[in-house]
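Chemist: quick one, fold the following:
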Amino acid sequence: MQLGYELLKGYKRHLFDHGKRAATVNCYESDAKSFIDFLFKLRPDGSLEGLEDLAAFQDQLEIHQSESQNSIRRKIIGIKSFLRFAIPRATGMASGFDEYPIPARIDGLPDGLDPEDLDALLNAAHRQVPALKGYRDLAILALLSLEGLKVTEIIHLKTSDLVLSPTSGTLFIKGTKSRVITLCQETSSSLSEYRSFGKPFAGANPSLFVGFKGRSAGLTSEGITRHGIKFLLYELGEQCGIHRLNSELLRHFAIDYQLKVLGKSTEDVMAHFGLKQAGNIGRHSILASEEPLRTSSDE
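Modeler: Prediction:
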């Protein structure tokens, strides 16, 4: 059977119709496209013959070591989702790939979040009470998991550092790694919603992100603190069954997202993160023919 690129548009719409957030949809679309690319390298007509094709795709990733085991696991999950959508539409029959085994997750690795994990976290963030906290938490989570900002950079952001247009946004990050970054669409949308909802509450506080205090979630006179973000992540992680969720775990997801979903080069992501050495970005890079040794930090 043939699974052409024309199916990707319908697949994206299918995912959105089932409540997936844009970041998750982009991840799954990227996985599906990479598998279709592989099929066309395998056969001139790009046809899919059976389970052995997905096994060959997984073998290629493992042999070339261009992906960590958790990244391979994520790709298999995404491709199975695509095949579950595409095959019935192409043949009128069930996928037949549901029983294909998903590789085990290595929980010790820092890049262990799946797109489904991120989707759950983003939705949980948006449901926080009061509503202003929900909009704030969603925007902060997007900056951590999609843009790869450090907690220190987020807590020092000012309202004047954010510039939004109808289709995109930029953020001026001050400090030793001072830079202006262009935000992806999901982050821009989250920040736009937060800023629109939060304007009446901002007052004279120049901080981009307001702070909350206590169980009543009353607004504080200062912006969010490092401890506030740490608690925010702990709270969201527990709600979604992701224990010990932290900013470093989300930063690794952001590296993958920038490289593999947005299609940026290693150098572009280094500039986005404000880094002079590739470090963990090199480890994640799909352009590497061999997986680099993992360092303790990408500073």
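Chemist: the longest helix belonging to the chain - contacts with which helices or strands?
Modeler: If you go by DSSP state H, the chain has its longest helix at helix 69-91. Contacts defined by 3 or more CB pairs under 8 Å, 6 or more residues apart in numbering; DSSP states H and E place helix 69-91 against helix 7-17, helix 22-42, helix 51-64, helix 115-126. In short, each C-beta sits where N, CA and C put it, glycine included.
Chemist: pick out the shakiest of those helices, pLDDT-wise.
Modeler: Mean pLDDT per stretch puts helix 51-64 lowest among these, at a mean of 86.
Chemist: give me the buried positions along that helix.
Modeler: Residues of helix 51-64 classed as buried by neighbour count (16 or more other CB atoms under 10 Å): Asp53, Leu54, Phe57, Gln58, Leu61.
Chemist: could you tell me the angle between it and helix 69-91?
Modeler: 160 degrees (axes from the mean of the first three to the mean of the last three CA atoms, to 10 degrees).
Chemist: quick one: helix 51-64 to helix 22-42, angle?
Modeler: 100 degrees.
Chemist: packing partners for helix 51-64?
Modeler: Going by 3+ CB pairs under 8 Å, 6+ apart, helix 51-64 lies up against helix 22-42, helix 69-91.
Chemist: now the first one - C-alpha only, PDB.
Modeler: Okay, so that is helix 22-42. The C-alpha trace of helix 22-42 is given here as PDB (Å, rounded to 0.1, in the frame of the first residue of the first chain):
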ATOM      1  CA  ALA A  22       0.000  22.300  18.400                       C
ATOM      2  CA  ALA A  23       3.300  21.200  19.800                       C
ATOM      3  CA  THR A  24       2.200  17.500  20.000                       C
ATOM      4  CA  VAL A  25       0.700  17.700  16.500                       C
ATOM      5  CA  ASN A  26       4.000  19.000  15.200                       C
ATOM      6  CA  CYS A  27       5.900  16.200  16.800                       C
ATOM      7  CA  TYR A  28       3.700  13.500  15.400                       C
ATOM      8  CA  GLU A  29       3.700  15.100  11.900                       C
ATOM      9  CA  SER A  30       7.500  15.200  12.000                       C
ATOM     10  CA  ASP A  31       7.600  11.500  13.000                       C
ATOM     11  CA  ALA A  32       5.200  10.500  10.200                       C
ATOM     12  CA  LYS A  33       7.100  12.400   7.600                       C
ATOM     13  CA  SER A  34      10.400  10.800   8.600                       C
ATOM     14  CA  PHE A  35       8.800   7.400   8.100                       C
ATOM     15  CA  ILE A  36       7.400   8.300   4.700                       C
ATOM     16  CA  ASP A  37      10.800   9.600   3.700                       C
ATOM     17  CA  PHE A  38      12.300   6.300   4.800                       C
ATOM     18  CA  LEU A  39       9.800   4.300   2.700                       C
ATOM     19  CA  PHE A  40      10.700   6.300  -0.400                       C
ATOM     20  CA  LYS A  41      14.400   5.600   0.200                       C
ATOM     21  CA  LEU A  42      13.500   1.900   0.600                       C
END
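Chemist: perfect, I'm done here.
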